[in-house]
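K.L.:
Build me a model:
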Amino acid sequence: MFHQEFFQSLTLPDLDHISHYISTASTPMLMSITAVAIATTYYLATRPKAVLPTCDLRMQSVEVPSCIRLLYNGPCLGSRKPKQPYEWISYSEVRLNINTSPYKNILASSWRWTMSELACYTYSLVVVTLYDTLGTEAIGHAIDKASISTIICDVAEKVNLVLGCVRDREHSVKTIVLMETPAADLVNRCQEAGILILSLQEMEAIGKANHQQPLPPQPDDLAVICFTSGTTGDPKGAMLTHENIVSNCSAFIRVTEVRHQTFDVLISYLPLAHMFERMMEAVMLVHGGRIGYQQGDIHQLSDDLNVLKPTVFPVVPRILNRMYDKINGQANTFLKRWVLHFAYRRKEAQLMKGIIRRDTLWDWLIFKKVQDSLGGRVRLILTGAAPVSPCILTFFRIAMSCQVYEGYGQTECTAGCTMSTPGDWSAGHVGAPLPCNMVKLVDVPDMNYLAVNGEGEVCVKGSNVFKGYLKNPEKTAETIDADGWVHTGDIGKWLPNGTLQIVDRKKHIFKLAQGEYIAPEKIENVYAMSEAVAQVFVHGDSLQAYLVAVVVPNSDSLSGWAKTTLGLEGSYQELCGKEVKAAILDDMQRLGKERGLKSFEQVKAIYISTQMFTIENGLLTPTLKAKRNEMRKHFRPQIEEMYAGIKM
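P.N.:
Prediction:
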């Protein structure tokens, strides 16, 4: 840049003056100038390339009096009420509160969750994270397994949930801290269960009256017992240390090479018990950034984004899918689709050269609306927790004009173990191993996945690997082998560029009647690209020769798609009939063929469901993963009907 500016500032001398100078110069002078020019050219052409530092030495350390002093009055955690701006508490207020509130176990949401977590860490207490959507049986199992004595709840409904878990039986719960003043009848019911219930203000008063000096933890000390949401069986308590958490955060910072600043803002809307969300919040706090929490209703997320205007946006693929479908649904004429496609191709060419910018003509004309839908300031997006379609990932890299990374991991690896890297904007993989761990593939011979072919079960070893499952040595031994490798249960494949591609869950892969192995999630990701499809569940078993699927049509785009494709109009319920059903199946099979699905990987029949798969109806985990066993049970009659109707 300096050289360009320097040369642009120069003005060329008049050619007549140059001609006059040359004609009057002596021969020795001209020969000297020529010799100097030749020598200079030779020197520049043959000099070795500079050896640059592998890292920016100026960014290795910065001397500051104290981070907490530097950010003393800076905003830290924020929340808002409907139609109100965000209200913030400062780093100094957070510090004051965590030194007076030694909490232990948390069943809450919002900024108070994070405050409680930090208070536990300050006194080397162990945090036990609980999803309130697990249900009374699973939460009761977690309470017993961890011998939980103190539970923090944000609302009275969650206290009732806890009481339902421990009613009429022996339990370990001694105290419940409610973040609001408990009603008299709630206090009485807690007393009947042998539990003391305190308001947050009462707990803080006790802490101030009995102040204890902070007891910072050691790296090997247990930090979190994270009860996994689980797609099958009782949740297991994964034990994570402070070393696990710090190493995973450090690896993320190192790989992204993003210099987070105090002006960075994170939108927090994912379950706070999810380690993916915990890691993102930890990274923000390390850099003095702000964390703004959603109002509590996911349907108000768009409003929260517009008010908060975050710069960092963690997201799960299901949300990206919905956004992608909505954007494509708005391109409902030939001209709009052509313009969108043309703009996409122009920016894709820049992306493939590593150029990320949002000041092009196409940003101003087309993509600014997409960027504004997330607040207009997002500069980093990280997606994980489930596979994302390559075309959707590439679309958001282009439309958002920011760094978009895809990661892979699980609770047993704290949060992530691989991640795409800056400069590699290809899709269809989850990147290379993080600096905090190693990854290898091991043979799964009964499925014909062999490590020698670059395929097999993904195994992880490193400082981010958990210590085992709480009081469950059998499951721990199944997951961690004698050499310390975690067997993830995922089938992976090494790509030529050294990145990892996740094929499917080992336990989700099944065999058809004629011996073909099926990876259902791979097929579902292809079918979910259909404009008419919001959600899809692919089913098959060893007694059947074909696949079937349950499809939830996209309520946002079905009307426009049906009108364009079939010339039909009507309500959402009216359009979910036989004619549209057949057209959706045709579109899914077309996409499958285009994306290289084999004939036995294509579904032969579908059932149209107008009810979304949700956490509330028990078909999704709190992290929005499909509960495949529950889906099989729920749709068993429809599955049997589809197989009975297949005529080949």
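K.L.:
where in the protein is pLDDT low?
P.N.:
Residue ranges of the chain with pLDDT under 70: 1-25, 43-44, 46-72, 97-109, 229-233, 258-261, 647-648.
K.L.:
Go again with 50.
P.N.:
Within the chain, the ranges that satisfy pLDDT under 50 run 1-4, 6-13, 15, 18, 50-55, 57-58, 60, 100-103.
K.L.:
domain assignment for it?
P.N.:
Here the domain assignment for the chain is 94-216, 281-505, 510-645, based on automatic domain parsing.
K.L.:
Look at residue 93 and say how many residues are nearby.
P.N.:
Residue neighbour count, defined by other Cβ atoms under 10 Å, stands at 16 for residue 93. Yep, even glycine has a C-beta here, placed from its N, CA and C like the rest.
K.L.:
again but with residue 589, I slipped
P.N.:
Using other Cβ under 10 Å, residue 589 is surrounded by 18 other residues.
K.L.:
host element of it?
P.N.:
For residue 589, the host element (DSSP states H and E) is helix 578-594.
K.L.:
now what about that helix, what contacts it?
P.N.:
Residues from elsewhere that reach helix 578-594, judged by Cβ atoms under 8 Å, 6 or more residues apart in numbering: 523, 526-527, 529-533, 536, 549, 551, 553, 558, 562, 565-566, 568, 601-603, 605-606, 608.
K.L.:
Could you measure from residue 409 over to residue 250?
P.N.:
15 Å (Cβ to Cβ, to the nearest Å).
K.L.:
So those two - more neighbours on which side?
P.N.:
residue 409 (24 against 17).
K.L.:
ok, the more buried one to residue 458 distance?
P.N.:
10 Å.
K.L.:
Please apply the same query to residue 299.
P.N.:
Taken as Cβ to Cβ, the span from residue 299 to residue 458 is 36 Å.
K.L.:
Compare the two (neighbour count), which wins?
P.N.:
Set residue 299 next to residue 458 and count neighbours by other Cβ under 10 Å: residue 458 wins out with 27 against 7.
K.L.:
how about the nearest residue to the more buried one, chain neighbours excluded?
P.N.:
Once flanking residues are discounted, residue 458 sits nearest to residue 492: 4.2 Å by Cβ to Cβ, 6 or more residues apart in numbering.
K.L.:
Kindly state the beta-bridge partners for the one you found.
P.N.:
residue 456, residue 502 (DSSP bridges).
K.L.:
separation between it and residue 387?
P.N.:
For residue 492 relative to residue 387 (Cβ to Cβ), the value is 12 Å.
K.L.:
if I look at those two, which residues touch both of them?
P.N.:
With Cβ under 8 Å, 6+ apart as the test, residue 492 and residue 387 both reach residue 502.
K.L.:
which of these two has more neighbours?
P.N.:
residue 492 (25 against 21).
K.L.:
right, and the more buried one touches residue 504 too?
P.N.:
No: using Cβ atoms under 8 Å, residue 492 is not in contact with residue 504, being 9.5 Å away.
K.L.:
Could you pull out the strands in the stretch 451-600 of the chain for me?
P.N.:
Secondary structure of the stretch 451-600 of the chain (DSSP state E, counting those that start in this stretch): strands at 455-462, 486-494, 500-505, 510-511, 517-518, 533-539, 547-553.
K.L.:
Distance to residue 195 added to the ones you listed, as a markdown table?
P.N.:
Formatted as a markdown table, the strands of the stretch 451-600 of the chain follow (distance: least, Cβ to Cβ, whole Å):
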| stretch | distance to residue 195 |
| --- | --- |
| strand 455-462 | 40 |
| strand 486-494 | 37 |
| strand 500-505 | 39 |
| strand 510-511 | 45 |
| strand 517-518 | 49 |
| strand 533-539 | 40 |
| strand 547-553 | 41 |
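K.L.:
Looking at those, spot the one closest to residue 136.
P.N.:
Closest approach to residue 136 among the strands of the stretch 451-600 of the chain is made by strand 533-539 (26.2 Å; Cβ to Cβ).
K.L.:
With only the CA atoms kept, save that closest one in CSV.
P.N.:
Only the C-alpha atoms of strand 533-539 are listed here, as CSV (Å, rounded to 0.1, in the frame of the first residue of the first chain):
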residue,chain,number,x,y,z
VAL,A,533,-38.6,-28.5,2.7
ALA,A,534,-38.1,-27.1,6.3
GLN,A,535,-37.3,-30.4,8.1
VAL,A,536,-36.8,-34.0,7.0
PHE,A,537,-36.3,-37.3,8.8
VAL,A,538,-34.9,-40.2,6.7
HIS,A,539,-35.7,-43.7,7.9
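K.L.:
so what strands line up beside that strand?
P.N.:
Sheet partners assigned to strand 533-539 using DSSP bridges are listed as strand 547-553 (antiparallel).
K.L.:
Could you figure out how far the strand it pairs with is turned away from helix 578-594?
P.N.:
If you take axes from the mean of the first three to the mean of the last three Cα atoms, to 10 degrees, strand 547-553 sits at 120 degrees to helix 578-594.
K.L.:
Can you name the helix or strand that residue 310 falls in?
P.N.:
Per DSSP H and E, there is no helix or strand for residue 310.
K.L.:
give the contact list for it.
P.N.:
Contacts of residue 310 (Cβ under 8 Å, 6+ apart): 265-267, 292, 374-375, 377-378.
K.L.:
show me the contacts for residue 174.
P.N.:
149-150, 194-196.
K.L.:
can you list those in TSV and add secondary structure and neighbour count?
P.N.:
Formatted as TSV, the contacts of residue 174 follow (DSSP: H, G, I helix; E, B strand; the rest coil; neighbours: other Cβ atoms under 10 Å):
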residue	secondary structure	neighbour count
149	coil	13
150	strand	21
194	coil	11
195	coil	20
196	strand	14
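K.L.:
Which stretches in the stretch 251-400 of the chain count as strands?
P.N.:
Ranges of strands in the stretch 251-400 of the chain, per DSSP E, counting those that start in this stretch, are 265-268, 290-293, 312-315, 380-383.
K.L.:
And for the closest residue to residue 350 other than its chain neighbours, the neighbour number?
P.N.:
Take residue 350 and drop its neighbours on the chain: the residue closest to it by Cβ to Cβ, 6+ apart is residue 357, 7.2 Å away. The number of residues packed near residue 357 is 11, by other Cβ under 10 Å.
K.L.:
now do residue 483
P.N.:
Neighbour count for residue 483, taken as other Cβ under 10 Å: 7.
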